[in-house]
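>>> next input, structure requested:
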Amino acid sequence: MKSLVISQNASSSTSPPLLCVASSSEVVDVAAVVKTEQAKVFTQETDEPSSITVCEICAETKTTDEMFRNLRCYHSFCSECVVKQVATKIQDNITNVSCPGLNCKGVLELESCRSLLPKELIDRWNDALCEAFFLAVPKFYCPFKDCSAMMLDENEDGQDIRESE
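A predicted model of the protein is given here:
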């Protein structure tokens with residue numbers, strides 16, 4: 001029975017993981033072997049595949065439960081890297097969080113990331129999205145003397161509004 005083992009080189013935490021076949025002395029660089037982001041590892045006890053994935057950002061091997069898949073472009077990253085990506089963009093006042101995939105035009109959306117993010121980061125991203133929306137539209141304020149509430153102009157046909165509902 002052969003088994004595959006993926007291990008990190010002990011001398012350097014930044015070097016790529018190594019792939020060893022237990023029944024041979026051959027050691028292969030995983031980066032040279034794994035062309036896709038999915039790798040299957042067979043455990044010694046069961047011969048059943050257990051899926052692991054390599055994060056495209058940190059290049060660490062993670063289980064599929066530890067991964068986030070962007071439904072817009074189908075790139076896959078570990079949850080930790082997604083949280084760091086969103087936090088960095090929101091800290092830089094960027095509300096349109098781009099997919100970190102190489103040359104990807106996709107975006108990460110708040111709703112798809114909500115389960116990964118801490119509440120504070122969700123609130124900051126939500127506030128930033130609201131602020132960006134209101135900065136992009138013309139502002140109208142309630143005409144009553146004691147009210148300064150901002151209003152939205154939902155009059156799409158361009159006619160003057162003469163009364164309210």
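
>>> what's the local residue count around Trp125?
For Trp125, the count of nearby residues is 22 (other CB atoms under 10 Å). Quick note: C-beta positions are derived from backbone N, CA and C, even for glycine.

>>> that one touches Glu111, doesn't it?
No: Trp125 lies out of contact with Glu111 (CB atoms under 8 Å); the separation is 10.6 Å.

>>> surely Asn126 is in contact with Leu110?
Yes: using CB under 8 Å, Asn126 makes contact with Leu110 at a distance of 6.6 Å.

>>> report the contact partners of Cys78.
By CB atoms under 8 Å, 6 or more residues apart in numbering, the contact list for Cys78 reads Cys55, Ile57, Cys58, Glu60, Lys62, Glu66, Met67, Phe68.

>>> which two of those residues lie the greatest distance from each other?
Using CB to CB, the contacts of Cys78 reach their maximum pairwise distance at Glu60 and Phe68, which is 13.7 Å.

>>> that older thread, which of the contacts of Cys78 are buried?
In those, burial by neighbour count holds for Cys55, Ile57, Glu60, Lys62, Met67, Phe68, counting by 16 or more other CB atoms under 10 Å.

>>> isn't the third one up against Val54?
Spelled out, that is Glu60. Yes: between Glu60 and Val54 there is a contact under CB under 8 Å: 7.3 Å.

>>> so which bits of the lengthiest helix in the chain are buried?
As assigned by DSSP state H, the longest helix anywhere in the chain is helix 119-136. Neighbour counts using 16+ other CB under 10 Å place Leu121, Ile122, Arg124, Trp125, Ala128 of helix 119-136 among the buried residues.

>>> Ser98 versus the second one, what's the distance?
The one in question is Ile122. From Ile122 across to Ser98, the span is 18 Å (CB to CB, to the nearest Å).

>>> what of the last one?
Ala128 sits 15 Å away from Ser98 when distances are taken as CB to CB.

>>> do the same with the fourth one
Here Trp125 is placed at a distance of 14 Å from Ser98 (CB to CB).

>>> quick one: contacts for Phe68?
Applying CB under 8 Å, 6+ apart to Phe68 gives the contacts Ser76, Phe77, Cys78, Ser79, Val82, Cys113, Leu116.

>>> can you give me every residue that contacts the closest residue to the third one other than its chain neighbours?
Here the nearest residue to Cys78 in space, its sequence neighbours aside, is Cys55; by CB to CB, 6 or more residues apart in numbering that works out to 4.0 Å. Listed by CB under 8 Å, 6+ apart, the contact partners of Cys55 are Thr61, Lys62, Met67, Ser76, Phe77, Cys78, Cys81.
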